[in-house]
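Colleague: kindly return the folded structure for what I paste below:
(chains A and B)
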Protein chains: 2
Amino acid sequence: MNKAMLIVMDGLGDRPLKELGDLTPLEAARTPNLDALAARGISGVMNAIGVGLRPGSDTSHLAILGYDLDRYYTGRGTIEVAGLGMELEAGDVALRGNLGTVDDNLVVTDRRAGRITDTGPFVKDLDGLTFESITLLIRPGTGHRAGIILRGPGLSSRISDNDPHEVGVKVHEVHPLDDSKEAAFTARVLNHFLAEAHSILTKNPLNLKRQAQGLPPANYLLGRGAGYYKKIDKFEQRYGLKACTIAGGGLYKGIGAFTGMEVIQVPGATGLPNTDIAAKFKAALNALAGPYDFAFVHIKATDTFGEDGDFQGKLAFIERIDDAARLLLDTPYLLVLTADHSTPCALKKHSGDPVPLMMIGDGLVRTDQVQQYGERPCARGALGRLTGLQLMPEIINLLGLAKLIGD
Amino acid sequence: MNKAMLIVMDGLGDRPLKELGDLTPLEAARTPNLDALAARGISGVMNAIGVGLRPGSDTSHLAILGYDLDRYYTGRGTIEVAGLGMELEAGDVALRGNLGTVDDNLVVTDRRAGRITDTGPFVKDLDGLTFESITLLIRPGTGHRAGIILRGPGLSSRISDNDPHEVGVKVHEVHPLDDSKEAAFTARVLNHFLAEAHSILTKNPLNLKRQAQGLPPANYLLGRGAGYYKKIDKFEQRYGLKACTIAGGGLYKGIGAFTGMEVIQVPGATGLPNTDIAAKFKAALNALAGPYDFAFVHIKATDTFGEDGDFQGKLAFIERIDDAARLLLDTPYLLVLTADHSTPCALKKHSGDPVPLMMIGDGLVRTDQVQQYGERPCARGALGRLTGLQLMPEIINLLGLAKLIGD
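Modeller: Predicted coordinates for the structure are as follows:
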């Protein structure tokens, strides 16, 4: 059975907490199902990017799926727009966008335009604008968000954000981040589009209506995280595995779409603490029982609790994951459970601490003495200490699918 | 508390010795304080340069402090002259120098000119000599030593030593080590300076007086270890930590100065077996209680005993370190104890065997089951096996100061 399920629990890794008797949330949680899997598997620890290196959410996942950052990562924009179902072409520059509110002096008064719930009726008038051989493509995201692509020759992602990331200040001019003519050109084109978009949005009847109602108009496009798209070899081409992504959060669907996986929508998968974990595991099992060879399952809220410093919430959520993991006890697939990075509750941010990793597959893996899924138990496991780029080769090897190097 | 102390015990690592019941000196030593730290910390082993690679004293320290050798290391000279307080400029070529004695046929009769204690009155007449747009800068070091800089355009460090490293042979001509015109030019310029220096030194009234007293004159400049200086990003720029060096040996002060650390002079810190280890630890603790964020403490004699094959001396000196380590038991700082390389008593020289590493910081590190500071206990620790270049990222991460890679 050459099929595998990769479960990434975002920000799962943590540090010992005095309040938990010097245990981490994962170590302190009651996790009989995860522990049963550890006892049947082989364990280790992993740094997605490298020892001591502190990964973002985008970079960590690319590395874990085997995509070298030097080659494939230029900014988060490309991944976000892929997650919105926009088809990228080589040479595109993509940005994450918000619709926000500015006053007559272009000072941002609301970065989310009163948290509007659908940017579709606003951005439709901007999609397809052209300037100096560049076309602006734009599509609504969730809530106040939108995906932006600049398409045409001679672009660069080495440009700054126009989003000032705070209110009460003027929107920024986009400026080039290096001396190339491509960066200067891209900044100039984007500044043009942003001014034109402001003019169009200001006249949108929906905004006139919002203002009459005392609501902030969605009158400015705030862009950030420009990324340059180079054609990448998709997951299936690379590994020969038909793959799907099951995630709640948009970025993680984006990672799946960016690497050419099918993104399976699961009702109840929210990317929030209320997410239906069992529904996600069931969907992954169904996908693997069907046409898929590889299921990437992403669970977000462990990271959210870590960033809030809420170790009790993190612990309780881990116990909910464990409860759902009962569904995984009898699967015939190679199971890989890990995290993208640590988010220690004491730091309230991502860290470069390694994450626990375990692989379970009867007859496939050499089991070790690890009996518990936790940061410190896993550190004693037989997998040792891996980097993210080593994970997929190990999975492909365990599945018996690795290509021979040499003769 | 984002502060750390890095203690490097030079040449600490060793191999099992039959005479010590198949234990290493560190394993055989009674080290209750180091062991208490190990029990509270996370351990591992480290190769400064790489698995099986045998580091010099200069290269190992650069790697441990995070400086890639390919980029930053060209020869020991630059580090030695930095340790003498000489300010390097990009493009300088620096050498370690001795004042030695030659006879009328330029045969070296004493490489240290009777171990003179101050080269200042001799080298002052050489400082500032010029030839073909190159200036010779020279400053006294300890004893018979001096630091030499060639400054000007078109220099290369790819030149041989004129120091023959033995007596009874003629001083060597400097010759280029590659085909570049820079190497040929540098060799020619240096040969000119060495001849001129010989002429000046011979006439120095102090030498005439020494000869009248039957003492060997300090009449020849012996140079070695040419290094080319490229501007480096200093430790504080790189890591955001205000750093100091506490060391007895000149090379290690040089490492500190070379990487832009403040070199704190500690009375009793000799770099010899008689060094006042407690005074060094106290100075480091004071520095960290004051304005410094990072203290690099170097302890030399472990290496010296190893090079002498004196395993009893090494063991006893380690017990002296342990005794002083009592001062470290209650520090609030991240403590990192390791070595630059192994110096097995059986080999009497540096080796590429990994060194024991431990990191202690309550709430910062995930403790492991290691209860003793030693080569083999540490090899079972949760840090796994690191390289020198991975050490600083791990420290910066544990301090919560790592920059996010990605978004």
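Colleague: thought residue A:255 was touching residue A:60?
Modeller: No: the pair residue A:255 / residue A:60 is not scored as a contact, 9.6 Å apart, by C-beta atoms under 8 Å. Using the backbone N, CA and C atoms, a C-beta is placed for each residue, glycine as well.
Colleague: so residue A:39, which of the three states?
Modeller: Secondary structure, DSSP: H, G, I helix; E, B strand; the rest coil: residue A:39 is helix.
Colleague: again, but for residue A:150
Modeller: Under three-state DSSP, residue A:150 falls in the strand class.
Colleague: now do the same contact list for it.
Modeller: Contact analysis of residue A:150 by C-beta atoms under 8 Å, 6 or more residues apart in numbering or on different chains lists A:92-95, A:134-137, A:186, A:189-190, A:193.
Colleague: what's the closest of those residues to residue A:9?
Modeller: For these, the closest approach to residue A:9 (C-beta to C-beta) belongs to residue A:94, at 27.5 Å.
Colleague: the stretch 151-300 of chain A: strands as residue ranges?
Modeller: Ranges of strands in the stretch 151-300 of chain A, per DSSP state E, counting those that start in this stretch, are A:220-228, A:243-246, A:262-263, A:294-299.
Colleague: mean pLDDT and mean neighbour count for the ones you listed - can I get that in JSON lines?
Modeller: Below are the strands of the stretch 151-300 of chain A laid out as JSON lines (pLDDT from 0 to 100; neighbours: other C-beta atoms under 10 Å in any protein chain shown):
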{"stretch": "strand A:220-228", "mean pLDDT": "96", "mean neighbour count": "26"}
{"stretch": "strand A:243-246", "mean pLDDT": "98", "mean neighbour count": "26"}
{"stretch": "strand A:262-263", "mean pLDDT": "96", "mean neighbour count": "18"}
{"stretch": "strand A:294-299", "mean pLDDT": "98", "mean neighbour count": "27"}
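Colleague: for chain B, find the nearest of these.
Modeller: Closest approach to chain B among the strands of the stretch 151-300 of chain A (C-beta to the nearest C-beta): strand A:220-228, 5.8 Å.
Colleague: the closest one pairs with which strands, parallel or anti?
Modeller: strand A:93-102 (antiparallel) (DSSP bridges).
Colleague: report the rounded mean pLDDT for the strand it pairs with.
Modeller: Strand A:93-102 carries an average pLDDT of 96.
Colleague: so which elements touch the next helix or strand after that strand?
Modeller: Counting by DSSP states H and E, the next helix or strand C-terminal to strand A:93-102 is strand A:108-110. When contacts are defined as 3 or more C-beta pairs under 8 Å, 6 or more residues apart in numbering or on different chains; DSSP states H and E, strand A:108-110 packs onto strand A:93-102.
Colleague: around chain B, which positions in the stretch 151-300 of chain A sit nearby?
Modeller: Applying C-beta under 8 Å from any C-beta of the partner chain, we find that the stretch 151-300 of chain A lies next to chain B at residue A:225.
Colleague: can you list the residues of the stretch 301-407 of chain A near chain B?
Modeller: Within reach of chain B by C-beta under 8 Å from any C-beta, the stretch 301-407 of chain A has these residues: A:346-347, A:349-353, A:375-376, A:379-380, A:384-385.
Colleague: circling back to that earlier point, from the contacts of residue A:150, list the buried ones, please.
Modeller: Neighbour-count burial (16 or more other C-beta atoms under 10 Å in any protein chain shown) is assigned, among those, to A:92-95, A:134, A:136-137, A:186, A:189-190, A:193.
Colleague: what's the closest of those residues to chain B?
Modeller: Lowest distance from chain B to these (C-beta to the nearest C-beta) belongs to residue A:95, with 11.8 Å.
Colleague: so the closest one touches residue A:221, yeah?
Modeller: No: contact criterion C-beta under 8 Å: residue A:95 and residue A:221 do not qualify, at 9.2 Å.
Colleague: need the overlap of contacts for these two.
Modeller: Joint contacts of residue A:95 and residue A:221 (C-beta under 8 Å, 6+ apart) are residue A:148.
Colleague: and the lowest mean pLDDT element among the helices and strands of chain A?
Modeller: Here the helix or strand of chain A ranked lowest by mean pLDDT, DSSP states H and E is helix A:69-72, holding a mean of 92.
Colleague: thinking again about what came up before, which of the residues of the stretch 301-407 of chain A next to chain B are buried?
Modeller: Among those, those classed as buried by 16+ other C-beta under 10 Å are A:346-347, A:349-353, A:375-376, A:379-380, A:385.
Colleague: neighbours around the closest residue to residue A:327 other than its chain neighbours, how many?
Modeller: Closest residue in space to residue A:327, ignoring its immediate chain neighbours: residue A:281 at 4.7 Å, by C-beta to C-beta, 6 or more residues apart in numbering or on different chains. Using other C-beta atoms under 10 Å in any protein chain shown, residue A:281 has 24 neighbouring residues.
Colleague: from residue B:233, how far off is residue A:281?
Modeller: Residue A:281 is 47 Å from residue B:233, where distance means C-beta to C-beta, to the nearest Å.
Colleague: quick one: contacts for the residue lying closest to residue A:65 once chain neighbours are set aside?
Modeller: The shortest distance from residue A:65 to any non-neighbouring residue, by C-beta to C-beta, 6+ apart, is to residue A:259 (5.6 Å). Going by C-beta under 8 Å, 6+ apart, residue A:259 touches A:62, A:65, A:67, A:232, A:234-235, A:243.
Colleague: filter the residues you listed down to the buried ones, ChimeraX style.
Modeller: For the buried members of the contacts of residue A:259, the matching ChimeraX selection, counting by 16+ other C-beta under 10 Å, is:
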select /A:62,65,67,232,235,243
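Colleague: show me which of the contacts of residue A:259 has the smallest pLDDT value.
Modeller: Ranked by pLDDT, the contacts of residue A:259 bottom out at residue A:232 (91).
Colleague: next, count neighbours for the closest residue to that one other than its chain neighbours.
Modeller: Counting by C-beta to C-beta, 6+ apart, residue A:232 lies nearest to residue A:72, which is 5.6 Å off, once chain neighbours are set aside. By other C-beta under 10 Å, the residues close to residue A:72 number 21.
Colleague: from residue A:87, how far out is residue A:72?
Modeller: Here the criterion is C-beta to C-beta. By it, residue A:72 lies 17 Å from residue A:87.
Colleague: what ranges does the stretch 101-250 of chain A have for its helices?
Modeller: Taking DSSP state H, counting those that start in this stretch as the test, the helices found in the stretch 101-250 of chain A are A:120-123, A:181-202, A:205-212, A:235-239, A:250-258.
Colleague: which of those sits most buried?
Modeller: helix A:250-258 (a mean of 26; mean count of other C-beta atoms under 10 Å in any protein chain shown).
Colleague: now that helix against strand A:220-228, angle please.
Modeller: Angle, helix A:250-258 to strand A:220-228, by axes from the mean of the first three to the mean of the last three C-alpha atoms, to 10 degrees: 40 degrees.
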